[in-house]
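J.: All I have is the shape, not the residue letters:
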């Protein structure tokens, strides 16, 4: 299982995004004032700072998508465990970071679609691929926590 709480704490402790919002009263400018005034620049977008383990999270997301597809291909009763695990990971890791959320979601979908384009029936190679991806995912999750979780 993915050790989500440790990753979430690390991310939330390391990244603090603050957005200042304000309202200003508007008044109708005179014709002369309108000619000399220039439009105010748009507020700068808040830049999301990547975590040192983002590339590993992207790979883990892709693995989860692959395993989700392959597990459901080869079991009698469809299961939603892997997709829910991915959703929990996304929610905790990317609470206010839209771009990171999009990258992780895209990686999950890429992993899912890659195997959906190759396997339409459960075969021996599909079972082996699922086992290998689960092992790689477990190793990757352990490495992320061991290296970045403290």
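T.: Thanks, I have it. Here the structure is a predicted model, which is why all the values come from computation and not from measurement. Numbering: from 1, shown residues only.

J.: For the residue nearest to residue 127 when sequence neighbours are not counted, give me its contacts.
T.: Leaving aside its chain neighbours, residue 127 sits nearest to residue 74 (5.9 Å; criterion: Cβ to Cβ, 6 or more residues apart in numbering). Quick note: C-beta positions are derived from backbone N, CA and C, even for glycine. Residue 74 is in contact with 122, 126-127, 130, counting by Cβ atoms under 8 Å, 6 or more residues apart in numbering.

J.: again, but for residue 134
T.: Contacts of residue 134 by Cβ under 8 Å, 6+ apart are residue 67.

J.: and it, which of the three is it?
T.: helix (DSSP: H, G, I helix; E, B strand; the rest coil).

J.: mind checking pLDDT for it?
T.: Note on residue 134: pLDDT of 94.

J.: Over to the one 10 residues further on?
T.: As predicted, residue 144 sits at a pLDDT of 90.

J.: Would you mind confirming that it is in contact with residue 57?
T.: Yes. With contact defined as Cβ atoms under 8 Å, residue 144 counts as touching residue 57 (7.3 Å).

J.: distance of the residue nearest to residue 78 when sequence neighbours are not counted from residue 149?
T.: Nearest residue to residue 78 in three dimensions, chain neighbours excluded: residue 72, at 4.9 Å (Cβ to Cβ, 6+ apart). Applying Cβ to Cβ, to the nearest Å, the value for residue 72 to residue 149 is 30 Å.

J.: burial count for the residue nearest to residue 78?
T.: Here the number of neighbours of residue 72 (other Cβ atoms under 10 Å) works out to 17.

J.: Check which residues of the helix or strand encompassing it are buried.
T.: According to DSSP states H and E, residue 72 maps onto helix 54-74. For helix 54-74, the neighbour count (16 or more other Cβ atoms under 10 Å) marks 54, 56-73 as buried.

J.: Sticking with residue 121, tell me its helix or strand.
T.: Residue 121 belongs to no helix or strand, assigned by DSSP H and E.
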